[in-house]
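**Q** Got a predicted structure here, sequence first:
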Amino acid sequence: VASVGRGRVARGRGVGMAAQLSSSSSSLSLSSERGDISQLDEAMQEATLECPAGNLFLPPDLGPPPFNPDTDFPMARAGALPSGGLTPEFYPPQSRLSGKFPGTKSTGRACKLQTNHFPLSLKFPQGMIYQYSVTIMPPWFGRRDYKRTDKQLYHDTIKEWKEVCPAAKHNTAAWVFDGHKQLFCTQAYRIEELPDQKVSVWCQEEERFLEMMIKDVERVSDIKVTQDIMEWAVSGRSGHVPQDALQALDVVLKEAINLDLNFYTIGRSHFPMDGETLDVGFGKEVWIGSFSAVRPYGWKDHEILITLNVDTANKPATRNLHLTNESAPGKSDSYIHCVLAGDGRRKAMVNFARGLTDEQVKTMEKDLKDLKVKYVLPSKDDKVIKRQYRVNGFRKSATKEIIPDLKMSVAEYFKQTHGVDLKYPNLPCLWVGPKQKTIYIPMEFCKMDKQPMPRKKKLPDDAVAKMIRATAVKPMDRQKKIIDGLKKNNAMYKDDPYAREFGINVSGEMAKLTGRVLDAPVIEYSGGKVANINKSNPGKWFQDKNQYVVGQTCTNWCLFDLSGLSENQFKEVVMGFSSVGKEAGMIISKKKEDILRISGTMREAEDVAGSNEEKLKQALKHYETEKKKLEMILIIFPFKAGFLYDKIKQLGDLKYNITTQCCLKTVLFKGDSLNKQVVGNICLKINAKLGGINHVLAPKSKPAVLKRPVMVMGADVSHPAPESRGLKPSI
């Protein structure tokens, strides 16, 4: 694929070294020959680019390592500096000399590609952007640190400042802001021309105007954008990346979106407020938007130096629903109803007058914790009290929870203070606000604010599966979404006053490249038998009757049944794994004396602390008593287990060193009979976990580099957004 793009659902964005391309989930390739997706990462690298050398840093006293162009890749060696230091020297990438990489300019077949990178052209006055530091003082300055949620308020503050500052008001488009403490401008100004200013700004969160002080605006750096990028390119795109220049360009291209009230911005992604959403159940939805970032990793063969990487972005969020009120009687569409109903396949049985069951309280507290709710209380004299709070947890019902300072229940407090009789006094109270305070409010006065889900809060497994199914689209559809997202952003930046003022022009078309499709390899099984991969559909192959290269034996194993298998289903599972395993070349015992069956329930496994560990200990003790070694535990769940799955893996893999294999009953059985194809796929995993080898590359498909022991490693990097630079590390 011809793109340097994003990493995974964490929003990691990979960065390739020098001119090397790296593939990731944001990469998009479109083949004009085939009209479908072409995963050509390595072929593209080999066909059109020189690959940088691997870096091997050795202590200087060992001397240079021996180098043989026939057996080794070129290396950028570390040498001792004149001062005796150990800082490595970086060299421009060298051409491959060994011929070990499988692709060459004559390998496979050529194809045309488009990638989700849009070339940038830069026309700066003197090629310079001037960086300024700024201090913004909100009313709480000094009492708490800057938070990510302050970003929009700070942007609005600088917008007002530009209207009154003598140096900025004549051309507001010449100034852009990173959302925290850095300004960028096309002109250089002295500190005397940038006096302290006080402005009044509307705060959406507090629903009132705030007095904001802008002070200490001073020039701290002159960024030679054009020169820095060209010098980096001339040096072979190695060494220090011109990060200051890239950050400045990123901030310029984000300014218009950050100030547009029709968009919600999260890091490098932005979402139209009236844009497409996907309901995934559980009171949650997914916002559909766009991600963009300036990248220096272009393609010199195509005269592309710097690009704007654009992709679709998807963010889970809460739906805008009242916690208890339904849109109409019997609709069951309050936030609590939606969360308890899950993916909608079952109806939640909720009686607000009686209160929630213990299980419902546990589910709702886990869901609401750390989310913001809007508190609206009709009070005496027709007044309405509005507040926004973050939920810390649940307390007892309003009739039972006593306010420590007042020595009265929450229900009594609302009756005496606000003249309000609670409609649902048996519902738990929400504990909100600062954790050192005792602010308890009834659910019936709260509405869930539409908000992105915090990163530490996970969507339920069923919601994640629905999100993935809906957002994983074909390349042509994805290309259309990317283009449509760009058009919403000031007509692909053509109408962006900040990009125009700073001399940045974004191409209206994706970068067009050439690549090569490598022939699919041949897969070898036991006895030298091979499986040929269909060239027209190279993403899969069938094992057929071939057997594993090295099949393992599993004699003593335990079946941990949490799904309520019948006796006939249990026997069918045992016989199925034994017969399918035998066909594939591994031995899984079907003898009654070798297999231990342990039964349990999901409720017990989730609610009773330590029950899963006790079951594992029971299995271990059983085989120890018989002087046997437990080789594997097969766990069957009735539905996706989430936390329970993680706990079982932690116990098996880390604590007791037992091979565990989990599967779902609904997947294992197709109708009333065992699904042999699923069993075959599970046997692949079991054999590998037990130390077997399922298949290998045939000798004729094996590149030279793999003819000796090699460790293949993958790496991804997630960079903080420009406004978080210096506050958050790259991970």
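**A** Looks like it arrived, so ask away. Here the structure is a predicted model, which means the values were calculated and not measured.

**Q** ok, so what distance separates the nearest residue to residue 729 once chain neighbours are set aside from residue 593?
**A** Of all residues not flanking residue 729 in the chain, residue 720 sits nearest, at 7.3 Å (Cβ to Cβ, 6 or more residues apart in numbering). (C-beta placed from N, C-alpha, C; glycine too.) Per Cβ to Cβ, to the nearest Å, residue 720 is found 58 Å from residue 593.

**Q** Contacts for stretch 364-372, please.
**A** Contact with stretch 364-372 is made by 282-283, 318, 336, 339-340, 356, 388-394, 428, 430, 448-449, 451, 454, 456-457, as judged by Cβ atoms under 8 Å, 6 or more residues apart in numbering.

**Q** now stretch 153-164: mean pLDDT?
**A** Averaging pLDDT along stretch 153-164 yields 95.

**Q** cool, stretch 210-228 as well?
**A** 93.

**Q** what about the strands in the stretch 101-250 of the chain?
**A** 109-115, 117-122, 129-137, 175-177, 182-185, 197-203, 208-223 (DSSP state E, counting those that start in this stretch).

**Q** and the angle for the longest one with strand 129-137?
**A** Direction vectors for strand 208-223 and strand 129-137, defined by axes from the mean of the first three to the mean of the last three Cα atoms, to 10 degrees, enclose an angle of 150 degrees.

**Q** Flag the shaky bits of the stretch 151-300 of the chain, pLDDT-wise.
**A** Under the criterion pLDDT under 70, the flagged ranges of the stretch 151-300 of the chain are 236-239, 298, 300.

**Q** Give me the mean pLDDT for stretch 720-731.
**A** 72.

**Q** Between the two ends of that stretch, what distance do you get?
**A** End-to-end distance of stretch 720-731 (Cα to Cα, to the nearest Å): 9 Å.

**Q** Need the strands of the stretch 101-250 of the chain in TSV (columns: distance to residue 515 and mean neighbour count).
**A** Output for these, formatted as TSV (distance: least, Cβ to Cβ, whole Å; neighbours: other Cβ atoms under 10 Å):
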stretch	distance to residue 515	mean neighbour count
strand 109-115	5	19
strand 117-122	14	20
strand 129-137	35	19
strand 175-177	36	26
strand 182-185	36	23
strand 197-203	50	16
strand 208-223	34	16
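
**Q** Which one, of these, ends up nearest to residue 246?
**A** Proximity to residue 246 (Cβ to Cβ) singles out strand 208-223 among the strands of the stretch 101-250 of the chain, at 9.9 Å.

**Q** Now do the closest one: which elements does it pack against?
**A** Strand 208-223 sits against strand 129-137, helix 151-164, strand 197-203, helix 243-258, with contacts defined as 3 or more Cβ pairs under 8 Å, 6 or more residues apart in numbering; DSSP states H and E.

**Q** Tell me what angle that strand forms with helix 243-258.
**A** Using the same axes, to 10 degrees: strand 208-223 against helix 243-258 is 150 degrees.

**Q** Flag every buried residue along stretch 515-523.
**A** 515-518, 520-523 (16 or more other Cβ atoms under 10 Å).

**Q** To clarify, my last question referred to stretch 699-707.
**A** For stretch 699-707, by 16+ other Cβ under 10 Å, it's residue 701.

**Q** Can you measure across that stretch, start residue to end residue?
**A** For stretch 699-707, the end-to-end distance is 9 Å (Cα to Cα).

**Q** I'd like the average pLDDT over that stretch.
**A** 83.

**Q** contacting residues around the host helix or strand of residue 681?
**A** Assigned by DSSP states H and E, residue 681 belongs to helix 676-689. For helix 676-689, the external contacting residues (Cβ under 8 Å, 6+ apart) are 543, 548, 551-552, 554, 576-577, 580-581, 584, 586, 588, 632, 659, 661, 663, 667-668, 670, 694.

**Q** one more time with 7 Å
**A** Here helix 676-689 makes contact (Cβ atoms under 7 Å, 6 or more residues apart in numbering) with 548, 551-552, 554, 576-577, 580-581, 584, 586, 632, 659, 661, 663, 667-668, 694.

**Q** Next step: those restricted to helices.
**A** 576-577, 580-581, 584, 667-668 (DSSP state H).

**Q** Please produce a PyMOL select command covering the buried subset of the residues you listed.
**A** Listed next is the PyMOL selection for buried residues among the ones in helices among the contacts of helix 676-689, using 16+ other Cβ under 10 Å:
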select buried, resi 576+577+580+581+584+668
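
**Q** quick revisit: which one of residue 720 and residue 593 is surrounded by more residues?
**A** Higher neighbour count among residue 720 and residue 593: residue 720, with 15 against 9, using other Cβ atoms under 10 Å.

**Q** Is the more buried one within a helix or a strand, and which one?
**A** Using DSSP H and E, residue 720 falls within no helix or strand.

**Q** Tell me if I'm right that it and residue 728 touch.
**A** Yes: Residue 720 is within contact range of residue 728, at 3.9 Å (criterion: Cβ atoms under 7 Å).

**Q** what's the first-to-last distance across stretch 494-510?
**A** Across stretch 494-510, the terminal residues are separated by 15 Å (Cα to Cα).

**Q** buried ones in that stretch?
**A** Under 16+ other Cβ under 10 Å, the buried positions of stretch 494-510 are 496, 498-499, 501-504, 506-507, 510.

**Q** Over to stretch 139-153?
**A** By neighbour count on 16+ other Cβ under 10 Å, the buried set for stretch 139-153 is 146, 150-153.

**Q** Just give me the closest of these to residue 297.
**A** residue 151 (27.6 Å).

**Q** right, and that closest one touches residue 181 too?
**A** No: applying Cβ under 7 Å, one finds residue 151 not in contact with residue 181, separated by 11.3 Å.

**Q** Residue 468 looks like it's in a helix, true?
**A** Yes: per DSSP: H, G, I helix; E, B strand; the rest coil, residue 468 lies within a helix segment.

**Q** Which residue ranges of the stretch 601-731 of the chain form helices?
**A** Listed in chain order, the helices of the stretch 601-731 of the chain (DSSP state H, counting those that start in this stretch) span 602-607, 611-625, 643-649, 665-668, 676-689.

**Q** ok, and which of those has the densest surroundings?
**A** helix 676-689 (a mean of 17; mean count of other Cβ atoms under 10 Å).

**Q** So for residue 8, what's the pLDDT?
**A** We note a pLDDT of 34 for residue 8 in this prediction.

**Q** Which helix or which strand is home to residue 476?
**A** Residue 476 belongs to helix 475-488 when elements are defined using DSSP H and E.

**Q** for the helix or strand following that helix, packing partners?
**A** Following helix 475-488 in sequence order, the next helix or strand is helix 497-502 (DSSP H and E). With contacts defined as 3 or more Cβ pairs under 7 Å, 6 or more residues apart in numbering; DSSP states H and E, helix 497-502 has these neighbours: helix 243-258.
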